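J.: what follows is a protein structure lacking sequence information:
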């Protein structure tokens with residue numbers, strides 16, 4: 001019997017406009033930790049729980065090490081210098097950096113920013129956003145796999161289509177067939193007729 005093939009779940013990500021709207025909503029919150037947790041997830045691809053339970057001792061040499069990971073393996077990622085300086089300044093030198101629960105505050109900010117997401121992708125959208133933008137900006141899938149901590153390349157490959165050159169060889173090596181110019185001319189004629197109709201109206 002052939003195994004049933006289920007449709008892959010859509011992985012949503014935030015645009016730059018979404019991120020700006022989200023940060024604006026978060027900045028109005030009284031929660032002291034939610035903004036930095038969100039920032040950390042967006043620039044490292046960390047899961048919400050990995051960032052929420054991060055300890056100050058895990059910040060060293062402009063890097064962060066996540067130890068409470070899903071697969072139990074530590075993951076060390078470089079940080080932008082401004083964020084690396086802000087994190088230890090925010091919390092204690094030892095113990096958790098973010099002791100205040102921030103999930104509900106983050107959820108409220110999504111609603112305030114009018115960001116609608118598929119079920120189950122509330123905080124995980126930050127991880128998807130990092131991965132999607134990483135690939136769109138020219139990152140490679142093997143590096144992404146290491147950053148996200150995926151044990152197999154197949155998980156990271158879900159984001160490969162965001163790469164500017166993804167499957168570009170399909171054009172390069174496909175049979176060379178010219179498109180009949182009549183199709184282009186037909187479109188131009190339709191556009192011209194449409195403009196003439198609008199002018200008469």
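T.: That came through, no problem. What you are looking at is a predicted structure, and each value in this text was computed from that prediction instead of being measured.

J.: what about the strands in this protein?
T.: Ranges of strands in the chain, per DSSP state E, are 59-60, 63-66, 75-78.

J.: how about the spatially most central residue of the chain, what does it touch?
T.: Residue closest to the average C-alpha location in the chain (C-alpha atoms, centre = their mean): residue 129, at 0.8 Å. For residue 129, the contact set (C-beta atoms under 8 Å, 6 or more residues apart in numbering) comprises 13-14, 19, 42. (Glycine included, C-beta is placed from N, CA and C.)

J.: what do you get for residue 117?
T.: 12, 110, 125 are the contacts of residue 117 under C-beta under 8 Å, 6+ apart.

J.: what are the phi and psi values at it?
T.: Per-residue torsions, residue 117: phi -130, psi 160 (degrees, to the nearest 10).

J.: quick revisit: columns distance to residue 147, mean neighbour count and mean pLDDT on top of the strands of the chain, output as CSV?
T.: Below are the strands of the chain laid out as CSV (distance: least, C-beta to C-beta, whole Å; neighbours: other C-beta atoms under 10 Å; pLDDT from 0 to 100):
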stretch, distance to residue 147, mean neighbour count, mean pLDDT
strand 59-60, 17, 15, 96
strand 63-66, 11, 18, 94
strand 75-78, 6, 16, 92
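
J.: out of these, which comes closest to residue 32?
T.: Proximity to residue 32 (C-beta to C-beta) singles out strand 59-60 among those, at 17.7 Å.

J.: what strands flank the closest one, and is each parallel or antiparallel?
T.: strand 63-66 (antiparallel) (DSSP bridges).

J.: quick one: residue 45 and residue 73, what's the gap?
T.: Distance, residue 45 to residue 73, by C-beta to C-beta, to the nearest Å: 15 Å.

J.: lowest-pLDDT helix or strand in this protein?
T.: helix 169-173 (a mean of 57; mean pLDDT, DSSP states H and E).

J.: measure the closest residue to residue 90 other than its chain neighbours to residue 86 for me?
T.: In space, and not counting its chain neighbours, residue 90 is closest to residue 36: 5.8 Å by C-beta to C-beta, 6 or more residues apart in numbering. Using C-beta to C-beta, residue 36 is found at 7 Å from residue 86.
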